[in-house]
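> build the 3D model from these lines:
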Amino acid sequence: MRIWYRSRKSAESAIVYLITHPGHGAAKIGITDADGSRPKKHSRRGWQILATAQAPGKLALSIGKEILDWWRGERALPVHLGRPEMPRGGWAKAVDSTETGLAAAIQRK
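Purely as a prediction, here's the structure:
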């Protein structure tokens, strides 16, 4: 959560990313600093980067929140993974990839 909150407070560039994990049947939205280190760490654990978008920190937070709110609200998707699958964090922003509407999520913002 550290990166999520730091991006919100900053006008500096951030990256919104959408990743999937075929083995877990999961998709995840996230935000990282402009160096893009977070999705790279996820890729070492089998996640595949589906889409990225660079934006100022506050806009990146807005995009990530809007997609997560869409998944949780309108689409009523529950959290799909837990700490055992994502011990380094981010599991609360993961949903079932077969239910997400990934193409719509990419085009949403």
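> hmm, who's touching stretch 70-82?
For stretch 70-82, the external contacting residues (Cβ atoms under 8 Å, 6 or more residues apart in numbering) are 24-26, 29, 91-92, 94-96, 99-101, 105, 108. Bear in mind the C-beta positions are built from the backbone N, C-alpha and C, glycine included.
> and that stretch, what's buried?
70, 71, 77, 80, 81 (16 or more other Cβ atoms under 10 Å).
> report the separation between the fourth one and residue 60.
The spacing between residue 80 and residue 60, counted by Cβ to Cβ, to the nearest Å, is 22 Å.
> one more: the second one?
Between residue 71 and residue 60 the distance is 17 Å, computed by Cβ to Cβ.
> then the third one?
In this structure, residue 77 lies at 21 Å from residue 60, with Cβ to Cβ as the measure.
> what does residue 104 give?
19 Å.
> max-length helix in the protein?
helix 57-72 (DSSP state H).
> give the pairing partners of the following helix or strand past it; include direction for each.
Once the chain leaves helix 57-72, the next helix or strand it forms, by DSSP states H and E, is strand 94-96. As defined by DSSP bridges, the strand partners of strand 94-96 come to strand 26-33 (antiparallel).
> centre of the chain to the following helix or strand past the partner strand, how far?
Using DSSP H and E, the helix or strand that follows strand 26-33 in sequence is helix 37-43. Taking the mean C-alpha point of helix 37-43 and that of its whole chain, the gap between them comes to 11 Å (Cα atoms, centre = their mean, to the nearest Å).
> with stretch 34-43 instead?
11 Å.
> in this protein, where is pLDDT below threshold?
1-11, 103, 106-109 (pLDDT under 70).
> at 90 what do you get?
1-13, 33-41, 57-58, 61, 85-91, 97-109 (pLDDT under 90).
> apart from its chain neighbours, what residue comes closest to the residue nearest the centre of the chain?
Most central in the chain under Cα atoms, centre = their mean is residue 29, positioned 1.4 Å from the mean C-alpha point. In this structure, residue 29 finds its nearest non-sequential neighbour in residue 67, 4.9 Å apart by Cβ to Cβ, 6 or more residues apart in numbering.
> residue 91: neighbour count?
Applying other Cβ atoms under 10 Å, we find 18 residues neighbouring residue 91.
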